[in-house]
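Trainee: model the structure of this input:
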Amino acid sequence: MLAATPPMGWNTWNTFGHEIDERIVLENADAMAASGLRAAGYRYIVIDDCWACRERDPETGKIVPDPEKFPRGMKYVSDYVHSKGLKFGMYSCAGMRTCGDYPGSFDHEFLDAATFAEYGCDFLKYDCCNIPAGVSESLLYRRMGLALRASGRGIVFSTANCGHENVQAWARAAGAHMYRCTGDIVDSFWSMKNIALSQKDRLAGTAPGCFNDTDMLTVGMYGRGLVGTTGCTTPEYRTQFSLWCLYSAPLMLGCDLRALSPEMLGLVTNKNLLRINQDEEVRPPMVCRERPTGTNTYSSSICPAASSPSDSSIWTTETR
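Mentor: Below is the predicted model of the structure:
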């Protein structure tokens, strides 16, 4: 099983967006290997959108890495990441163009999957922009799932279609190992809170081999980078990371690993939280007590009713 427990790693998008290059990727791989993140279970270094040339190679039809950003090519980057004991991930899109207006994989799924396998890719984030009118997203994701399987390389398949077409109902059948049911996160408490609350009724869809992806973490960004916006406080980052662990969500860091503070490093490598997240049985949490809207009392069929002035719910989970 490629993803028996939620994948853990780092993605370029939240901090760097389109301003990515070979140096940024390699230095963050170095940081992951040297800081204790790799030892804690973080494995994937994932390059998001904007890595390619604006058009495919006219002779081969392949997507080509931007030679200014990646002068030694993707195989070099992949080999370097692997040399650090890590896994290498890339990005494409089910539409004709990516969200950043680079070549998408529509009608090129098998060619692109084979290209990613040639690079030594271990993970593919697959987005949903610029889908032709009238075309089923679930069909396109299934097609890429088949292409990845046919590539001959074990590649974790991350479907990032923001919950369209009731994705949780078909993601596993499409070959996905993780699937998004939410819009994009930004580095603010309200964004994190809204995403977390929106998934309370979908947690049972997570199981070994296929996980509900609540999007990449903003922990440690403190307002810096592409999705920095207002930033969060340290307690708010603790809340985010704890919830993502409780939800058995993939843990994909989005901060600059080279600038990760000791306090945030301690948070994202916390053994007790990671033990919950990486539980091999992937048992979803249950709401033990929750205050109904407009009342001052908590009620639950699981736990006794209790009075509380707080708005917060009480959750429970069990790990081995």
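Trainee: so where is this structure shaky, pLDDT-wise?
Mentor: Confidence mapping of the chain against pLDDT under 70 gives the ranges 289-320.
Trainee: quick one, domains of it?
Mentor: With domains defined by automatic domain parsing, the chain comprises 8-284, 287-320.
Trainee: packed most tightly, which of those would that be?
Mentor: When you average the neighbours per residue for each of the domains of the chain (mean count of other Cβ atoms under 10 Å), domain 8-284 leads with a mean of 19. Heads up, the C-betas are built off the backbone N, CA and C, glycines and all.
Trainee: save the domains of the chain as a markdown table, and put in distance to Met1 too.
Mentor: Compiled in a markdown table, the domains of the chain are given as follows (distance: least, Cβ to Cβ, whole Å):
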| stretch | distance to Met1 |
| --- | --- |
| domain 8-284 | 5 |
| domain 287-320 | 17 |
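Trainee: who wins for proximity to Leu2 among those domains?
Mentor: domain 8-284 (5.3 Å; Cβ to Cβ).
Trainee: endpoints of the closest one, how far apart?
Mentor: Start-to-end span of domain 8-284 (Cα to Cα, to the nearest Å) is 18 Å.
Trainee: same question for stretch 77-96.
Mentor: End-to-end distance for stretch 77-96: 26 Å, by Cα to Cα.
Trainee: from the chain's centre, how far out does that stretch sit?
Mentor: 13 Å (Cα atoms, centre = their mean, to the nearest Å).
Trainee: same for the helix or strand hosting Lys193, what does it pack against?
Mentor: Using DSSP states H and E, Lys193 sits within helix 189-198. Under the contact criterion of 3 or more Cβ pairs under 8 Å, 6 or more residues apart in numbering; DSSP states H and E, helix 189-198 touches helix 234-246.
Trainee: hang on, the earlier thing: so what's the gap between the helix holding Lys193 and the chain middle?
Mentor: How far helix 189-198 lies from its chain's middle: 16 Å, per Cα atoms, centre = their mean.
Trainee: helix or strand next in line after that helix, which one?
Mentor: strand 211-213.
Trainee: who touches that next one?
Mentor: 3, 6-7, 158, 160, 168, 177-181, 199, 202-203, 205-206, 247-250, 282 (Cβ atoms under 8 Å, 6 or more residues apart in numbering).
Trainee: tell me which of those fall in strands.
Mentor: Judged by DSSP state E, the subset of the contacts of strand 211-213 located in strands is Ser158, Met178, Tyr179, Arg180.
Trainee: on the three-state scheme, the closest residue to Tyr80 other than its chain neighbours is what?
Mentor: Spatial nearest neighbour of Tyr80, excluding adjacent residues (Cβ to Cβ, 6 or more residues apart in numbering): Leu26 at 5.6 Å. For Leu26, the assignment made with DSSP: H, G, I helix; E, B strand; the rest coil gives helix.
Trainee: ok, Leu26 touching His82?
Mentor: No: with contacts counted by Cβ atoms under 8 Å, Leu26 stays clear of His82, the gap being 12.0 Å.
Trainee: skipping its backbone neighbours, what lies nearest Ile20 in space?
Mentor: Closest residue to Ile20 apart from its sequence neighbours, by Cβ to Cβ, 6+ apart: Thr12 at 4.9 Å.
Trainee: OK, contacts around the one you found?
Mentor: Thr12 is in contact with Ile20, Ile24, Val25, Asn28, Val46, Ile47, Asp48, counting by Cβ under 8 Å, 6+ apart.
Trainee: mind putting the residues you listed in JSON lines, distance to Arg149 included?
Mentor: Shown next, in JSON lines, are these (distance: Cβ to Cβ, whole Å):
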{"residue": "Ile20", "distance to Arg149": "28"}
{"residue": "Ile24", "distance to Arg149": "31"}
{"residue": "Val25", "distance to Arg149": "26"}
{"residue": "Asn28", "distance to Arg149": "29"}
{"residue": "Val46", "distance to Arg149": "20"}
{"residue": "Ile47", "distance to Arg149": "22"}
{"residue": "Asp48", "distance to Arg149": "23"}
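Trainee: what is the nearest of these to Ala259?
Mentor: For these, the nearest to Ala259 is Asn28 (10.1 Å; Cβ to Cβ).
Trainee: show me the contacts for that closest one.
Mentor: Asn28 makes contact with Trp10, Thr12, Ile45, Asp256, Leu257, Arg258, according to Cβ under 8 Å, 6+ apart.
Trainee: and the helices in the stretch 51-200 of the chain?
Mentor: 73-83, 109-119, 137-150, 189-198 (DSSP state H, counting those that start in this stretch).
Trainee: out of those helices, the one nearest Gly36 is which?
Mentor: Of those, nearest to Gly36 by Cβ to Cβ is helix 73-83, at 17.5 Å.
Trainee: quick one, the closest one and helix 109-119 angle?
Mentor: In terms of direction (axes from the mean of the first three to the mean of the last three Cα atoms, to 10 degrees), helix 73-83 departs from helix 109-119 by 50 degrees.
Trainee: so which elements touch helix 73-83?
Mentor: helix 22-35, strand 87-93, helix 109-119.
Trainee: quick one: closest of the ones you listed to Ile195.
Mentor: For those, the distance to Ile195 is smallest for strand 87-93, at 20.2 Å, taking Cβ to Cβ.
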